[in-house]
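Trainee: next input, structure requested:
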Amino acid sequence: MIRYDVSIIFKSPMNRIMSLLASLVCFVCYSEVLLNERFTHYVIAPVEVEQIKTELRINSPVSRENQVFHGGTEWTLVPHFRWTKERNLCRIRDVQVQLNGTYTLPKLDNEQIVTRETKARFDAYYLALVEHEKGHQDLWISAGEKIDSILKNFEPFYDCQQMANEAKKRISKVIRDYQKLNQEYDTKTGHGRTQGAAIR
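Mentor: Numbers count the residues shown, from 1 in each chain. Coordinates of the predicted model:
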């Protein structure tokens, strides 16, 4: 019996955010996909509403292609399976698809002294950021469910290595398709701006 793991990592810029101060890990099952979520935060300390955007820009450690983002999420999709050979036929067994997501978000470091308006504006912005990232999550869960279905319904092969290579090829095709869907989602939402993830 052979165990086969495929790890695919992809990053999603969540309309500008990232760092490492606090972390929370959650495990949830969606259909046949095991979801593992982890939240990390970096701190900002605006006193007035007008300072929120500047604080995000100054304190965010996230940058890609010379562009600073206030936050982001890194997703890792990991399909696990085994194969067995019986009566000269190789079959995929014990399929488990895991989706790991690490969110990096801002956090107010001075909640006790900020104005009520500043806290309300930040809270609304934070919720909109999370909503946007959950949209990416939904897409990757869908990708995981599709991979799970492909592997569980995989036709038998005479050659086990050939079967494993074909499985990896089909998994990669699903990933490419869903990377494109995630890019379209970002374009449609302006990386969350149309969902309220914007500070003006």
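
Trainee: which other helices and strands does the lengthiest helix in the chain contact?
Mentor: Assignment by DSSP state H gives helix 116-152 as the longest helix of the chain. Applying 3 or more C-beta pairs under 8 Å, 6 or more residues apart in numbering; DSSP states H and E, one finds that helix 116-152 contacts strand 8-17, strand 23-30, strand 33-44, helix 52-59, strand 71-86, strand 89-108, helix 160-189. The way it works is simple: take the backbone N, C-alpha and C, and place the C-beta from them, glycine included.

Trainee: what are the buried residues along it?
Mentor: Residues of helix 116-152 classed as buried by neighbour count (16 or more other C-beta atoms under 10 Å): 118-119, 121-122, 125-126, 128-130, 132-133, 135-137, 139-148, 150-151.

Trainee: and the gap between the most centrally placed residue in the chain and Leu34?
Mentor: For the chain, the residue nearest the mean C-alpha position is Trp75 (3.5 Å; C-alpha atoms, centre = their mean). Counting by C-beta to C-beta, to the nearest Å, the separation of Trp75 from Leu34 is 13 Å.

Trainee: spit out the residues that contact the two alike.
Mentor: Common contact partners of Trp75 and Leu34 (C-beta atoms under 8 Å, 6 or more residues apart in numbering): Leu99.

Trainee: most distant residue from the middle of the chain?
Mentor: Outermost residue of the chain (C-alpha atoms, centre = their mean): Arg87, 40.8 Å.

Trainee: quick one: contacts for that residue?
Mentor: For Arg87, the contact set (C-beta under 8 Å, 6+ apart) is empty.

Trainee: ok, Ile44 next?
Mentor: Going by C-beta under 8 Å, 6+ apart, Ile44 touches Ile52, Glu55, Leu56, Asn59, Pro106, Lys107, Leu108, Asp109.
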